[in-house]
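Engineer: Requesting a structural model of the entry that follows:
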Amino acid sequence: MNKSIIIGAGPAGLTAAATCAENGMNVLVIDEYMRTGGRLLGQLYEEPDGSWWNGIKESRNLYEKAVELGVEFRLNTPVNNLENDSGVWTIYTEQEIFQTEHLLLATGAAESPIPIPGWTLPGVMSVGAAQVMTNVHRVQPGDRGIIIGVNVLSAAIAMELSLANIEVVSLALPEKNLITQETANPKEVMKSLLHVSHMAPSRFARWGSRLMKNSFMQTLGVNFYPKSGVKMWNIPVQLRKAVTEIYGDDKVEGVKLATINAKGEIVPGSEENIALDFVCIAGGLYPLAELAAVAGCPFYLVEELGGYVPLHNERMETPLQGLYVAGNITGIEGAKVATSQGRTAGLSMVCHATDNQLEDEVQYSIKQTSKTREEAHIQFHPEIDKGHTKILNQWKSYHSEE
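Structural biologist: Predicted coordinates for the structure are as follows:
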């Protein structure tokens, strides 16, 4: 019973495991995938200082450190259910049943789908699937494709695909409907991209983005946005084009691409067929928090964090005794923030499980998480700090009502 259990072998889970093991705890990590690393595995991008962030290498380093410290792993092991009885958590898998008094959920994030006519054809995939195929398995998803959905994630992965000599003809919007809403509105998409304008490879684009800070200029910018798009890494980002259909007999053969006005409405007669052999759909990410819901953890909808997140504090504790959360389950951010949160969660678990007096280290780790968030080159949500403040206020409110 003195073994802590971590569900999720991504950057948060691996870091928490190593932190716990460094401080004398026995640790078991459970993950449904066959390899450790989570979404970290697919990441490959250039840092501001010119160095390269290689997710496979970073994942291997975290895993090897955990193994050296004696952490035990159960991979390819999905968790089906969680139960708590008198402070003891029971974790059910198809192979075994585990118990612990200290459980961390580091389950990460999942992609939001965007339904488009023809999206069940072979050759249609999520943008994350294309990233894993390319960066992890070294398999090209196709020769020529399009990404439907313009956001931080799709822009980063478009660059990664181009590095692998895969032709991405465009980043375009989905057709506007009740489901797509803001993701199909050119003005809203432009606003969401302003906070990552520093990533633009063109000095002109970076300078121009500074003019787009007020609503009038944003409206003007969308109205005069080039129909052919603005190129980023030689890939057109087309905020005035929308995919209305994916076509093909037994597999993807192309898409129907239409011009849209500043409100996202289709311009009649503007559709054209674009020949392709693969399509990526980029609907963004949301916290993968089903296990926290099964555990009975309170939830709150915080749009700035990417959706519904389990209630937690800065120490990564939930209101449920012995249950902790870390990583993208607490809000959509980068791997470096997840790693920092994992360390905080690990230290919190050690404080509760052992006699180690680590309060100073916990507080330092909390500060480092804030600093890492502040310095993040890529932010998936522009008001992430506001989101974390909201969840902390909910934490205070929840405990004041007890």
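Engineer: wait, isn't Y308 in contact with L301?
Structural biologist: Yes. Counting by C-beta atoms under 8 Å, Y308 does reach L301; the two are 5.2 Å apart. Yep, even glycine has a C-beta here, placed from its N, CA and C like the rest.
Engineer: Of those two, which one has the most company?
Structural biologist: The neighbour count for Y308 versus L301, taken as other C-beta atoms under 10 Å, is higher for Y308 (14 against 9).
Engineer: Let me know the pLDDT of the more buried one.
Structural biologist: Looking at Y308, its pLDDT is 96.
Engineer: give the contact list for the nearest residue to it once chain neighbours are set aside.
Structural biologist: Distance criterion C-beta to C-beta, 6 or more residues apart in numbering; nearest residue to Y308, sequence neighbours excluded, is F299 at 4.8 Å. By C-beta atoms under 8 Å, 6 or more residues apart in numbering, the residues touching F299 are 289, 292-293, 308-311.
Engineer: ok, now N54?
Structural biologist: Contact partners of N54, counting by C-beta under 8 Å, 6+ apart, are 43-44.
Engineer: any idea how far it lies from S192?
Structural biologist: Distance of N54 to S192, given as C-beta to C-beta, to the nearest Å: 27 Å.
Engineer: ok, now V127?
Structural biologist: Going from V127 to S192 by C-beta to C-beta gives 16 Å.
Engineer: which one of the two has more residues nearby?
Structural biologist: The neighbour comparison of V127 against S192 (other C-beta under 10 Å) goes to V127, with 27 against 19.
Engineer: Not counting its neighbours along the chain, what's nearest T100?
Structural biologist: Using C-beta to C-beta, 6+ apart and skipping the chain neighbours, the partner closest in space to T100 is I5 (4.3 Å).
Engineer: Please state the offset of the strand or helix carrying that neighbour from the chain centre?
Structural biologist: Assigned by DSSP states H and E, I5 belongs to strand 3-7. Here strand 3-7 shows a centroid-to-chain-centroid distance of 23 Å under the convention C-alpha atoms, centre = their mean, to the nearest Å.
Engineer: now for it, which elements pack on it?
Structural biologist: The contact analysis (3 or more C-beta pairs under 8 Å, 6 or more residues apart in numbering; DSSP states H and E) places strand 3-7 against helix 11-22, strand 26-30, strand 88-93, strand 97-100, strand 103-105.
Engineer: Name the strands paired with that strand and say parallel or antiparallel.
Structural biologist: strand 26-30 (parallel), strand 103-105 (parallel) (DSSP bridges).
Engineer: Return the most buried member of the ones you listed.
Structural biologist: Across the strands paired with strand 3-7, averaging neighbours per residue (mean count of other C-beta atoms under 10 Å) puts strand 103-105 on top, at a mean of 30.
Engineer: what does the domain assignment say about the protein?
Structural biologist: 3-110+285-400, 113-281 (automatic domain parsing).
Engineer: Pick the most deeply packed of the ones you listed.
Structural biologist: domain 3-110+285-400 (a mean of 20).
Engineer: now for that domain, what's the gap between its first and last residues?
Structural biologist: 32 Å (C-alpha to C-alpha, to the nearest Å).
Engineer: okay but I391 is in contact with Y300, surely?
Structural biologist: Yes. In terms of C-beta under 8 Å, I391 counts as a neighbour of Y300; the distance is 6.3 Å.
Engineer: Could you name every residue contacting both of the two?
Structural biologist: Listed contacts common to I391 and Y300 are 309, 311; contacts here mean C-beta under 8 Å, 6+ apart.
Engineer: coming back round to it: out of the domains of the chain, which gets the lowest mean score?
Structural biologist: domain 113-281 (a mean of 82).
Engineer: How far away from the center of its chain is it?
Structural biologist: Counting by C-alpha atoms, centre = their mean, domain 113-281 comes out at 18 Å from the chain centroid.
Engineer: ditto for stretch 33-48
Structural biologist: That offset, for stretch 33-48, works out to 11 Å (C-alpha atoms, centre = their mean).
Engineer: Compute the first-to-last residue distance for it.
Structural biologist: 31 Å.
Engineer: same question, stretch 113-123
Structural biologist: Length of stretch 113-123, first residue to last, C-alpha to C-alpha: 15 Å.
Engineer: Can I get stretch 144-152 in PDB, CA atoms only?
Structural biologist: Taking C-alpha atoms only, stretch 144-152 is exported to PDB below (Å, rounded to 0.1, in the frame of the first residue of the first chain):
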ATOM      1  CA  ARG A 144      -0.200  16.100 -50.900                       C
ATOM      2  CA  GLY A 145      -2.700  17.200 -48.300                       C
ATOM      3  CA  ILE A 146      -4.700  19.900 -46.700                       C
ATOM      4  CA  ILE A 147      -5.200  20.900 -43.000                       C
ATOM      5  CA  ILE A 148      -8.800  21.900 -42.100                       C
ATOM      6  CA  GLY A 149      -8.800  24.100 -39.000                       C
ATOM      7  CA  VAL A 150      -6.400  27.000 -38.400                       C
ATOM      8  CA  ASN A 151      -5.000  27.100 -34.800                       C
ATOM      9  CA  VAL A 152      -1.700  27.000 -32.900                       C
END
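Engineer: list the helices and strands the helix or strand containing T389 packs on?
Structural biologist: Using DSSP H and E, T389 maps to helix 384-400. Other elements packing on helix 384-400 under the criterion 3+ C-beta pairs under 8 Å, 6+ apart are strand 299-302.
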